Every structure is written in structure tokens, then in C-alpha cells.
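Novice: give me coordinates for this.
(2 chains)
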Amino acid sequence: MDKIIKLTDISKVYTTNTIETQALENISLDVNRGEFLSIMGPSGCGKSTLLNIIGLLDRPTGGEIRLFGKELNGLRDREMARFRNENLGFVFQSFHLIPTLSVIDNVMIPLTYRKGAGDKNQLAREALEKVGLAHRLNHFPAQLSGGQAQRVAIARAIVGNPSLILADEPTGNLDSKMSEEIMQLLHTLNKDGKTVIMVTHNEAQARTTDRVIHLFDGHLVK
Amino acid sequence: MSTIKQLWNNRRATAWIFIELVIITIITWIIADPVTISVYDSNLPMGYDNDRLVILQMTSFASDVPGFDASRDSLEVNKSDVETVMMKIRNYPGVESVTIDEGFGLPGADSNSFDHYDIGDEVVDTVVKSVNTFVYHTGTNFFETLGMKSVEGSPTVEELSATCTAPDKVIITSDVARLYWPGENAVGKKFLRWTDDEGNQHFTTVIGVVSGIRHQLPFRSYCATFYCGDHMFPDEPLRNFKVVARLSDPTKTDAIVDELYDWGNRELAIGNFYLRSVQTYNAFLEDTNRMHGIPNQLNLRYILAGFFLVNLILGVVGTFWLQTRKRITEMGIRRAFGAPRGNIVGLMLGENLLLATVACLTGVFIYWQYALRNGLAIGYDKNEIINVVDNWIAHFGQHFIVISAIVYALIIICVTVGTLLPAMSVSRIDIVDSLRSKE
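Specialist: Numbering: from 1, shown residues only, chains lettered A, B, ... in the order given. Prediction:
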């Protein structure tokens, strides 16, 4: 199998003036292309930190991270930004849509920072069609339900056609019906060839994925 | 396009800032206009070499004090003593030339003599009500000592200094020439001075034109004429006079004052004369300004403008600072999806500069409507004679554009500082922290 993520001895320590907190300790993990992986564990165990490190939103304090065969530890900010833009899509628990932008403008954000993205408007429309929100193009986030907002967020995550989708508790703020819709969408994306890594507290949702890993106090426990 | 869209989408928040900026633009215009004109006018060249001139004030003992020598008080001896004083100063090392003034001959002097001019039947469209008249003495190197320049088509200043204009000739400045005979060589033109009881018209002929001069520091060049004084030694001895000395090295003007005073105390005690004071020409101009309270008024104007400027900077910078800091989460989202740090700074700067530009243009347009009815600042003094100025200040369009550009620059600088610093700081926040931000 083609390993697209290889983490070796990843550690993360948060340091303030007085306290050092070990968020992750010697995490080693491989993820295959096309896999749907769930990360579970109690609050504060380091799930989101691990996801952020995989998504290059945060830097580890130790260890090595390789994505798509590329060693990423020493990349500069601009190179990291470009790598994220071309390869990664994010779905956040609190959606993180920009309230002053319309649905289509929110979806277009990743394309704004990509050279030669083609017809950005058309790509954004297609992404919104995939999540069933083609009729909400000019609405603003405040005019959407939670489920719709998360679907817009998924459209934004996939508009640039990234290989890896990182979802941090994507159903955490949704009711069960909407959660189901979102999970179906993520599974559809996975079937279409996207690798999906999802942080969740929901065991039932995790069971529907290919693999589940558990974290406890910054350690990988199984 | 996306910047405009973003501003429009965010119009509820930006509308208040827009209105604030429009008001600030108008107020800045009101304050910047007179201050700019005053600063500009104060820095105009005086039209003569004020930086390399010193003035030696000579006076004589009164006839009832000990030391007064009655034998030196005859008209002839008095004249000889004056000439000796001038010769000694002229021969002082570093002095290039000297001239004499009895009280009405120096630009910037507190005492002025004004006169009215007409050119006969022709109607002159001018706001000039009066022209300042200076008196010089033939053969005393007046124009070249002061460092005036003759204009094209006019005899040289050396020739003008050597020519007596009395009683029916006059030397004028280029401002007078431009107002009375615009576009023409004024040499040879005539002013109508008076018409006698029999209806005979008496004219004064212009024999030379020198470049414009300024009277006092905040004023612009103004209309001036020069007559030679045929009354230097009319019928009684000269008691007080000034000798203006032009120095060859302008950098030594201040240093030479004390030196000249010590020397003059010994060497210029001639006949009944003694040296009362020595000062640079610039100090002489400052004295006149102080006498009229000009520095205080200007300083008050500058202090108020400075106070406003500080408030403007704090207000605008503060507003944009807060606005920018409010967008930490948005910037975290953009960076997560691939925006580099520089792009974040550019995005915020672009939006705020666009907003400031539109607001500034609106404010300028509103002020323009006001200015069309009420005019623009005309400088320190509202005296009509200053309106002879022929530069950007006098032309509504140019004047309006210059001040608008200054106002725009001020606001843009404030907005740039108020955006750039927090934007750079926001762009340095970790993406994860940005996404967690509650701002």
C-alpha cells in the first residue's frame, strides 16, 4: 500500500513561562492512500494536536513528518502554505466559515491562493453541487443551518482537489441527522479516492471508518 | 474586485469607519490648509540675501549729553563722518559691500511707506490697494548689497543702484510689473502719479525691475517700489542710520556679529556717532515678527495642528488597529487554506487602503463644495497685498489638489500604520491559535 503519511516519534510540548505540557509523545503512525482513519480519545489527549501537525497547521517539537513522501519539518512558511493549499483540505468542528463572505466566496478561498486554478467560480459551484448546496451560492454563513455550514466547509475542503481531508470533530456541533449526512459525505469523498483522517468522540462514527486509533495522554494506545 | 466585495459584504462594520474617515478628511482639510500655506510661505526665499547680511545700527550723542561735540555737528562734517563709518565697515575683513538705510529702505523693517498707483485710463484688474515704497540712496550699492536680482530686460542691479530715480522715475519688483503689465517688459512703462489743477497728468517712469521680495517671514512676495532718497542730508545732520553689510561668507554671519560689535565700539566712534547694536538681518526680521506677535500666532496654529495630528493618528491608527485585530480567526482560516503571511498583510492593507481612499475622496468632494463657495486659505495675513502671489496657492485647482494630496497622504499613512503593524502581528500568530481566537 502507498503510505501517504509517515509520522516518526512525533512529540509536541507546549511551553509557557512556568509550565511545560507534553501534548504528544513519540507518536509514530503510517496512513495509507485512500484510507479513512479515525482518531479517538478523551478530551485533552492530543487528538486535535496530532491532526494539526499532520495538517501542517502546527509544528512538532520533535520527530519527523513525511507527507506524500516529502519530509516537511524544515519547510518555510510560504512552502508550508503552498503544500497545504495543494494537498490538504480541512473541516473544522466550528465550521470556520468567514461570516462576511458568501457561500461561494468561502468555498473559493483555497483557489484564491493557487496559481492556475482555472475557473474558480465554476470549481466552487461544482464543489457545492457535490455537497448539495448549489442553491445556496450567495447566502451568507449566518443564513445557513449547522449542517449546511458544515457542508459548505466540506465543499471548501475539496474544492482544490486535495488528496488528504482532515476533519476535526466535523459532527461535534451537529444533531444526529445532520451528523449522519456529513458522515455520508465524508465516506463518499473517501470512496472517490480521498484519504480522510477524522478526529471524533463518536464511537459509532469511528466504527464506520477503515481504522481507529486511540490516544491517551499524548500516547498512541492502540 | 474581491476587496470591494469583501468591504461591501462587511458594510455594517465598515460604514462607521467610512463615515469617521470622511469626517476626519474634512477636518484635516480645514486644519491642513492654513497650516500648509503658513509653512510654505515661511520657507519661501526672501528675495534677497538675508542669510549673509548684518545690520549695524549707528546713532549719535544727543546735543545735551556730555561727549557731544558741537564742532562735528555741521552738515558737511556729519556727512563726512557718515561716509567714514561706511568706508570703515566696507573695509572690514569679510565684508563685501555696504549700503545705508535711514528707516524706510529695508525689506522687513517695522516701518513701512505705502503708496497708490494708477496707470491712467487703463483699468487694472487687481486687488492691489497699495504698494510698499522703499527709499534707497544713489551710489550706495543698495540693490547688490541686499542681494537683489534684476529681471530680464531690466538694467543690472549695479546700474540701478547708481541711478537716481528722483523725482519721476521708479524701480519696481516683478510682482508689480506682473500685476500692472502682465506679460510685458515693464521697463519704460509709466504710472500716473497725479493730475494737476489744469488737468496735466504727471507720470513716473519705470527704469528697472527687480525680482520679488518678501516683507516678513509668513508673508509672500508683495508689491514694492524703490525710489532714491534725495533727502539723505536735506537740511540737518543725520542722527541715526543703519549700515547693512553683505558678507562674503554666509556661514560666518552669526559669528561675525560679536566680533563686529567689539570692533565697532572702538573703531566706529566717529564724531558724534557711536555703534549702538549689531545684528544679523535674520535677527532683525525676527524682531519685527515678534513685534507683530507673528511667532506666537504661528506657534499657536502649529500647536493646534500638531495636537490635531496626534489625535488623528491615535484615532485612525486605533480604529484600524482594532478592526485588524478583530480578524484573527479569519486570517487563521485563510492561512490554513494556503494564504502565506505576506498575503494576509497585503489583504488587510489593501482593504483598508481602499476604504480610506474612497472615504478620503468623498470627504475631499464635500470640502470642495464648501471651498467653491468660501474659498481656500490665503495664508497668514489677510492683507490684500499678499494676493499678488502667483504660485499654486493662488490657483484654486492647484491649491485644492496640493492640500488634498497632503490630506490623503496623512490619512493613508495613519491607515497604513494602523493596519500594517497589527496585520504583521496577526500574521505571526500560530494558525491553531488564530483559529481558536475569540476576537
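
Novice: the worst-scoring helix or strand of chain A on mean pLDDT pairs with which strands?
Specialist: Least confident helix or strand of chain A, by mean pLDDT, DSSP states H and E, is strand A:70-71 with a mean of 88. Strand A:70-71 sits in its sheet next to strand A:62-67 (antiparallel), going by DSSP bridges.

Novice: and the partner strand, what's buried?
Specialist: By neighbour count on 16 or more other C-beta atoms under 10 Å in any protein chain shown, the buried set for strand A:62-67 is A:Gly63, A:Ile65, A:Arg66, A:Leu67. From N, CA and C alone the C-beta is placed, and that goes for glycine too.

Novice: burial of the closest residue to the third one other than its chain neighbours, as a residue count?
Specialist: Pointing back at A:Arg66 there. Of all residues not flanking A:Arg66 in the chain, A:Lys6 sits nearest, at 4.3 Å (C-beta to C-beta, 6 or more residues apart in numbering or on different chains). Neighbour count for A:Lys6, taken as other C-beta atoms under 10 Å in any protein chain shown: 16.

Novice: using CSV, list the CA coordinates for the host helix or strand of A:Lys6.
Specialist: A:Lys6 is part of strand A:3-15, with elements assigned from DSSP states H and E. Once non-C-alpha atoms are left out, strand A:3-15 reads as follows in CSV (Å, rounded to 0.1, in the frame of the first residue of the first chain):
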residue,chain,number,x,y,z
LYS,A,3,1.9,5.3,2.6
ILE,A,4,1.0,9.0,2.2
ILE,A,5,1.6,9.9,5.8
LYS,A,6,4.5,8.7,7.9
LEU,A,7,5.0,10.1,11.4
THR,A,8,8.0,9.1,13.3
ASP,A,9,8.4,9.8,17.0
ILE,A,10,6.3,12.9,16.9
SER,A,11,6.3,14.9,20.1
LYS,A,12,4.7,18.2,20.9
VAL,A,13,5.4,20.2,24.1
TYR,A,14,3.5,23.4,24.9
THR,A,15,5.7,25.7,26.9
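
Novice: returning to what we had before: chain center to the least confident helix or strand of chain A, what's the gap?
Specialist: 19 Å (C-alpha atoms, centre = their mean, to the nearest Å).

Novice: beyond it, next helix or strand please.
Specialist: Heading C-terminal from strand A:70-71 (DSSP H and E), you reach helix A:77-87.

Novice: give me the contacts around that following helix.
Specialist: A:55-57, A:67-68, A:70, A:72, A:75, A:110, A:113-114, A:160, A:162-164, B:335-342 (C-beta atoms under 8 Å, 6 or more residues apart in numbering or on different chains).

Novice: tell me which residue in chain A sits closest to chain B.
Specialist: For chain A and chain B, the shortest gap (C-beta to the nearest C-beta) falls at A:Asn85, measuring 2.5 Å.

Novice: enumerate the residues of chain A near chain B.
Specialist: A:52, A:55, A:57-58, A:77-78, A:81-82, A:84-86, A:90, A:92, A:96-98, A:100-102, A:105, A:109-110, A:112-114, A:140, A:156, A:160 (C-beta under 8 Å from any C-beta of the partner chain).

Novice: tell me which of these fall in strands.
Specialist: When DSSP state E is applied, the residues of chain A next to chain B are split such that A:Phe90 fall in strands.

Novice: in helices only, show me the residues of chain A next to chain B.
Specialist: Cross-referencing the residues of chain A next to chain B against helices under DSSP state H gives A:52, A:77-78, A:81-82, A:84-86, A:105, A:109-110, A:112, A:156.

Novice: shaky segments in the stretch 51-200 of chain B?
Specialist: Where the stretch 51-200 of chain B drops to pLDDT under 70, the residues are B:104, B:110-116, B:119-130.

Novice: quick one: the strands in it?
Specialist: B:53-60, B:95-101, B:114-115, B:131-136, B:169-173, B:190-195 (DSSP state E, counting those that start in this stretch).

Novice: and among those, the most buried is which?
Specialist: strand B:169-173 (a mean of 25; mean count of other C-beta atoms under 10 Å in any protein chain shown).

Novice: point me to the residue of the stretch 301-439 of chain B nearest chain A.
Specialist: Counting by C-beta to the nearest C-beta, the stretch 301-439 of chain B gets nearest chain A through B:Gly338, at 2.5 Å.

Novice: quick check: that residue touching A:Ala117?
Specialist: No. Contact between B:Gly338 and A:Ala117 fails when scored by C-beta atoms under 8 Å: they sit 10.7 Å apart.

Novice: wait, what's in contact with the nearest residue to B:Phe396 once chain neighbours are set aside?
Specialist: Once flanking residues are discounted, B:Phe396 sits nearest to B:Leu376: 6.7 Å by C-beta to C-beta, 6+ apart. B:Leu376 is in contact with B:Asp33, B:Phe396, B:His399, B:Phe400, B:Ile403, counting by C-beta under 8 Å, 6+ apart.

Novice: which one (most neighbours) among the residues you listed?
Specialist: Taking other C-beta under 10 Å as the neighbour criterion, B:Ile403 ranks highest of the contacts of B:Leu376 with 25 neighbours.

Novice: hang on, isn't that residue packed against B:Ile30?
Specialist: No. B:Ile403 lies out of contact with B:Ile30 (C-beta under 8 Å); the separation is 10.1 Å.

Novice: any common contacting residues for those two?
Specialist: What both B:Ile403 and B:Ile30 touch, as defined by C-beta under 8 Å, 6+ apart, is an empty set.

Novice: count of neighbours near residue 76?
Specialist: Answering for chain A, as no chain was given. 9.

Novice: was after chain B, sorry
Specialist: 9.

Novice: and if you look at the one 3 residues further on?
Specialist: The local packing of B:Lys79 (other C-beta under 10 Å) involves 14 other residues.

Novice: then B:Ser425?
Specialist: 14.

Novice: and the host helix or strand of it, how far from the chain's centre?
Specialist: For B:Ser425, the host element (DSSP H and E) is helix B:396-428. Distance of helix B:396-428 from its chain centroid, counting by C-alpha atoms, centre = their mean, is 27 Å.

Novice: buried stuff in whichever helix or strand comes after that helix?
Specialist: With elements assigned by DSSP H and E, the helix or strand that comes after helix B:396-428 is helix B:431-436. Using 16+ other C-beta under 10 Å as the burial criterion, the residues of helix B:431-436 that qualify are B:Ile431, B:Val432, B:Ser434, B:Leu435.

Novice: does the second one touch A:Asn52 like I think?
Specialist: Right, B:Val432. Yes. B:Val432 is in contact with A:Asn52 according to C-beta under 8 Å; the separation is 5.3 Å.
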